[in-house]
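Novice: Next one to model:
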Amino acid sequence: MRKLVPLVVDALLVVLFCAIGRRSHDEAIFTGLLKTVWPFAVGLAIGWVVAVAVASRGSGEQKARFDGTALWPTGVLIWLGTLCGGMLLRVISGQGTALSFMIVAASVLALFLLGWRAAVKVIN
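Specialist: Have a look, this model is predicted:
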């Protein structure tokens with residue numbers, strides 16, 4: 001169960017990112033939230049799969065040490081998967097990907113997905 005906590009935290013932060021974005025553009029938060037969330041949720045899943053796959057490349061004890069709270073490489077891979085996968089799926093589905101949106105998304109997702117991991121490391 002404890003191993004799922006980082007995934008749940010990431011998922012909640014991706015939903016929060018999308019809700020904040022919808023609110024900042026005066027769009028209905030709940031009625032269109034799924035349309036905004038799904039590309040980033042799929043990207044998040046891709047990032048997690050890649051992070052777990054990278055961690056499992058090790059042998060013996062290193063395989064058992066996957067840490068969903070690790071900033072490097074786990075957090076960075078999850079952030080990149082969420083951002084790149086989300087943007088690619090937004091393009092494919094005809095949603096906007098203006099440069100300004102990509103910069104804001106990269107920054108906020110980095111703050112959210114990397115920031116809590118950095119805080120956990122400082123606290124521990």
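
Novice: Please enumerate the strands of this protein.
Specialist: For the chain, strands defined by DSSP state E do not occur.

Novice: Please, where are all the helices along it?
Specialist: If DSSP state H is used as the criterion, the helices of the chain fall at 5-24, 29-56, 76-92, 99-123.

Novice: so of those helices, which one's packed in deepest?
Specialist: Most buried of these, by mean neighbour count (mean count of other CB atoms under 10 Å): helix 76-92, with a mean of 20. No exception for glycine: its C-beta is placed from N, CA and C like everyone else's.

Novice: Taking helix 5-24 as reference, get the angle to the lowest-mean-pLDDT helix or strand in the chain.
Specialist: Within the chain, confidence by mean pLDDT, DSSP states H and E is lowest for helix 29-56 among all helices and strands, at a mean of 94. Orientation check (axes from the mean of the first three to the mean of the last three CA atoms, to 10 degrees): helix 29-56 against helix 5-24 gives 150 degrees.

Novice: next one: helix 29-56 to chain centre, how far?
Specialist: 6 Å (CA atoms, centre = their mean, to the nearest Å).

Novice: picking up where we left off before, mind giving me JSON lines with the helices of the chain and columns for distance to Thr69?
Specialist: JSON lines is the format used below for these (distance: least, CB to CB, whole Å):
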{"stretch": "helix 5-24", "distance to Thr69": "5"}
{"stretch": "helix 29-56", "distance to Thr69": "11"}
{"stretch": "helix 76-92", "distance to Thr69": "11"}
{"stretch": "helix 99-123", "distance to Thr69": "5"}
